[in-house]
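Student: Sharing a sequence plus its predicted fold:
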Amino acid sequence: MLAGSDFLLYALVLVATWATVGVLRRLLLRRAVLDRPNARSSHATPTPRGAGLVLTPILATAWIWIGLDRSWDPTWMAVPLGALALGALSWWDDLRDLPAWPRLVGHLIVAFGVLGVAAPGPLFGGLLPGWLDLAATGLAWVWFVNLYNFMDGIDGITGVQTATLGFGAATIALVAGLPAGFEALGLACGLAALAFLAWNWHPAKIFLGDVGSVPLGFLLGWLLIVLAAEGQPAPAMILAAYYLADATLTVLRRAVRRRNVLSAHREHFYQLAVRGGWTHDRVAMTILGADALLLVLALIAVRHPLPALAVAVLVTGLLLHALARPFRMRKGLAP
């Protein structure tokens, strides 16, 4: 159940995120810290980048508050501290454009470092030996962190997905009876996402930057890991189904074509929709509609995992088809 102090926390997260992103936007404009359009961009005008500079510490502080308020084991603090560490590395990347491999090594170090002190339990239900389960969990977490960054490519998309995952994880925690306080972590993420969307909805006035998308992927990935470790792997997979499918299939498609899977591009399904003529807000609203269906299926999966997973695969496939169709029609590849 929610603690009384949580309501104050939620109000602070919502207001502080909205207000500080606005202040930061003006500062970034003065310093000319801008994401300038190029051949691989989906925006047309230079836009400030770096909203994660305030969103990441606000969420990390909120998570620490929640843990302290419930007297959780201090080792758990490694999770929000890990998000701050990734935020620092990612801001350096935003400014200096680091090569892919140093970034990936940093992600691996933080993810396995956190799991080394605060692993929530076996992710794969005891099907793998302990060391292999830990290794697979760490690699899956790092992949989720990176795909969250890959998918942050148009206005509104990461805010929509973060709100869905945050509120979805909180709802499943309450329905499935997860340990007290877990739902507060998801609610904090969802509210921060709504406040950020006020600035990032099309046409976006500011972008997250890697300093925002990478730590968000880290925190939300942790929520999914805990769901799976607490006996709810199907709801966790369903909640993240669209991002997992779009990013993974795109990377596999590029790998088959022998293209650099770590380089920037415009080949994700949501990017194909924009290239096919859809506006950013239309794409984001379409994804939001599908995410709402996936959230309902995730709730069903708490009691009926296999049927819910089957329907979720269908919903995700239909969404990918709908997003790719405008581009295919423009290229004369579909009726």
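Tutor: That came in fine, so what should we check first? Only a predicted model underlies this, so the values are computations on that prediction, with no experimental measurement involved.
Student: Now for the residue nearest the centre of the chain: which residues touch it?
Tutor: Nearest to the mean C-alpha position of the chain, by CA atoms, centre = their mean, lies residue 217 at 4.1 Å. Going by CB atoms under 8 Å, 6 or more residues apart in numbering, residue 217 touches 144, 145, 146, 147, 148, 149. Any C-beta I mention is one placed from the backbone N, CA and C, and that applies to glycine too.
Student: Near the last one, how many residues? Count them for me, please.
Tutor: It refers to residue 149. 24 (other CB atoms under 10 Å).
Student: hey, C-alpha coordinates of whatever helix or strand it lives in in PDB?
Tutor: When elements are assigned from DSSP states H and E, residue 149 belongs to helix 130-150. Taking Å, rounded to 0.1, in the frame of the first residue of the first chain, the C-alpha atoms of helix 130-150 are listed here in PDB:
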ATOM      1  CA  GLY A 130      22.900 -19.100 -10.200                       C
ATOM      2  CA  TRP A 131      25.900 -17.700 -12.000                       C
ATOM      3  CA  LEU A 132      24.300 -18.100 -15.400                       C
ATOM      4  CA  ASP A 133      21.000 -16.600 -14.200                       C
ATOM      5  CA  LEU A 134      23.000 -13.600 -13.000                       C
ATOM      6  CA  ALA A 135      24.900 -13.300 -16.200                       C
ATOM      7  CA  ALA A 136      21.800 -13.500 -18.300                       C
ATOM      8  CA  THR A 137      20.000 -10.900 -16.100                       C
ATOM      9  CA  GLY A 138      22.900  -8.500 -16.500                       C
ATOM     10  CA  LEU A 139      23.100  -8.800 -20.200                       C
ATOM     11  CA  ALA A 140      19.300  -8.500 -20.600                       C
ATOM     12  CA  TRP A 141      19.400  -5.400 -18.400                       C
ATOM     13  CA  VAL A 142      22.200  -3.800 -20.500                       C
ATOM     14  CA  TRP A 143      20.300  -4.600 -23.700                       C
ATOM     15  CA  PHE A 144      17.100  -2.900 -22.300                       C
ATOM     16  CA  VAL A 145      19.200   0.200 -21.300                       C
ATOM     17  CA  ASN A 146      20.500   0.400 -24.900                       C
ATOM     18  CA  LEU A 147      17.300  -0.200 -26.700                       C
ATOM     19  CA  TYR A 148      15.600   2.500 -24.500                       C
ATOM     20  CA  ASN A 149      18.300   4.800 -25.900                       C
ATOM     21  CA  PHE A 150      17.800   3.600 -29.500                       C
END
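Student: tell me which strands and helices the following helix or strand past that helix is in contact with?
Tutor: Counting by DSSP H and E, the next helix or strand C-terminal to helix 130-150 is helix 157-176. Counting contacts by 3 or more CB pairs under 8 Å, 6 or more residues apart in numbering; DSSP states H and E, helix 157-176 is packed against helix 182-200, helix 210-229, helix 233-239, helix 280-301.
Student: pLDDT averaged over helix 157-176, what's the number?
Tutor: Mean pLDDT, computed over helix 157-176, is 97.
Student: Would you mark the buried spots in it?
Tutor: Buried residues in helix 157-176, counted by 16 or more other CB atoms under 10 Å: 157-173, 176.
Student: hang on, the earlier thing: please name the spatially closest residue to the residue nearest to the centre of the chain (chain neighbours excluded).
Tutor: Closest residue to residue 217 apart from its sequence neighbours, by CB to CB, 6 or more residues apart in numbering: residue 148 at 2.8 Å.
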